[in-house]
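need coordinates for the following:
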Amino acid sequence: MKASRIVLASRPMGIPSFENFRFEEIELPALNEDEVLIQPVYISVDPYMRGRMNDVKSYTPPYQLNEPIVGSIVGKVIESKSDNLKPGDLVNANLPWATKIIHKSHGLFKIDPNSAPPSYYLGLLGMPGLTAYFGLLDIGRPKEGETVLISGAAGAVGIVAGQIAKLKGCHVVGLAGTDDKVKLLKEQLGFDTAINYKASKNLRKDIKAACPNDVDVYFDNVGGEISDAVFANLNFKARVVVCGQISLYNETRMQLGPRFLPIILTRSAMVKGYIVRDYTDRYHDGILQLTNWYREGKLTYKETFVKGFDRLPEAFLGLFAGQNQGKMLVQVE
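Numbers count the residues shown, from 1 in each chain. Below is the predicted model:
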């Protein structure tokens, strides 16, 4: 049985390109006991994967050259030698980018397609949703009436963080890179207002106008010059949730920005970075709460689909060009 897979052909310098990926044809062996054959239905592309393309020490091991890219996948079981899974079952796990995958049944999370759309387990009810949930509530600790500002607000994490902040009674402001994304945030996702940072002539002043009482919680998905402008508008005892730094992921040398520690000192603010797997032992509670909010109609979600396994590199590169609204997914079938 043949399958196609995508491997890391070379390590990028700066912004990745198609040359960093290679398609290969492989022959799959027969199934052993307790193994299943999985055909991907949806494959997630995520900004953190850019860091794994570098051969550096981090919170997760780097991808190896000439080995498959691995990411979160929702797939269908098409053959099984497991007592726990049968053909037709949908599963979620971190798996290689391939058109067919053999995997032990252990470590595969069975999905109930009746509780939510299966793709949501890669977004709202998956890593992005949990990242928003724990980052905002555990670190940001928003209180009713406070101002929450979110950068990368139209992305997979930002749209969830903003809606949770609204559920907590906050004034929520989003930063996004297009007028269409600003419209999405205000008209479909309940943000009080949003700013197109690319169209802003003075982002610091525009943030002040949108946040007249200053920023109590800054949920940072972007970093760089955007965060510099936000830090100038932090309130006394503000909390800064450092979730992502996508504006810096493709830099080949460290930028030197404004010194923000005097602001942190004089405003008694707190800055904390985190990785969602810091909360592994609480995933069940997070998924349960997100699912309940979704079923109650309190959370909605936005997805951007790219169709075709061969377009996986294109979809991944599109993240860094801001081509997604909400979660970027590749639909294989």
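
pull out the buried residues from the helix or strand harbouring L290.
According to DSSP states H and E, L290 maps onto helix 283-295. Judged by neighbour count (16 or more other C-beta atoms under 10 Å), helix 283-295 contains these buried residues: 283, 286-287, 289-291, 293-294. In short, each C-beta sits where N, CA and C put it, glycine included.

and that helix, what does it pack against?
Using 3 or more C-beta pairs under 8 Å, 6 or more residues apart in numbering; DSSP states H and E, the elements in contact with helix 283-295 are helix 127-134, helix 158-167.

show me what the helix or strand that comes right after the first one is packed against.
Read it as helix 127-134. For helix 127-134, the succeeding helix or strand toward the C-terminus, using DSSP H and E, is strand 147-151. Judged by 3+ C-beta pairs under 8 Å, 6+ apart, strand 147-151 is in contact with helix 158-167, strand 171-176, strand 215-220, helix 224-231.

flag every buried residue along the helix or strand following the last one.
Downstream of helix 224-231, the next assigned helix or strand under DSSP H and E is strand 234-242. Within strand 234-242, the residues that qualify as buried are 234-235, 238-242, counting by 16+ other C-beta under 10 Å.

by contact count, what packs against whichever helix or strand comes after strand 234-242?
Next along the chain after strand 234-242, taking DSSP H and E as the criterion, comes helix 261-266. Applying 3+ C-beta pairs under 8 Å, 6+ apart, we find helix 261-266 packed against no helix or strand.

so for the helix or strand following helix 261-266, mean pLDDT?
Next in sequence after helix 261-266, counting helices and strands by DSSP H and E, comes strand 270-273. On average, the pLDDT along strand 270-273 is 97.

with stretch 85-94 instead?
97.

and that stretch, what's buried?
Neighbour counts over stretch 85-94 (16+ other C-beta under 10 Å) mark 85, 89-93 as buried.

restricting to C-alpha, output that stretch in PDB.
In PDB, the C-alpha atoms belonging to stretch 85-94 read as follows (Å, rounded to 0.1, in the frame of the first residue of the first chain):
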ATOM      1  CA  LEU A  85     -11.300   1.500  17.200                       C
ATOM      2  CA  LYS A  86     -13.300   0.400  14.200                       C
ATOM      3  CA  PRO A  87     -13.300   1.500  10.500                       C
ATOM      4  CA  GLY A  88     -15.200   4.800  10.200                       C
ATOM      5  CA  ASP A  89     -14.200   6.100  13.600                       C
ATOM      6  CA  LEU A  90     -12.700   9.700  13.700                       C
ATOM      7  CA  VAL A  91      -9.600  10.200  15.700                       C
ATOM      8  CA  ASN A  92      -7.400  13.200  16.700                       C
ATOM      9  CA  ALA A  93      -3.600  13.100  17.400                       C
ATOM     10  CA  ASN A  94      -0.300  14.600  16.400                       C
END
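
just how off-centre is that stretch within its chain?
In this view, stretch 85-94 has its centroid 22 Å away from the chain centroid, taken as C-alpha atoms, centre = their mean, to the nearest Å.

any idea how far the closest residue to E333 other than its chain neighbours is from R52?
Spatially, and ignoring its direct neighbours in sequence, E333 is nearest to V41 (5.4 Å; C-beta to C-beta, 6 or more residues apart in numbering). Note on V41: its distance to R52, by C-beta to C-beta, to the nearest Å, is 23 Å.

including distance to K81, could the helices and strands packed on helix 283-295 go into CSV?
Listed next are the helices and strands packed on helix 283-295 as CSV, based on distance: least, C-beta to C-beta, whole Å:
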stretch, distance to K81
helix 127-134, 29
helix 158-167, 37
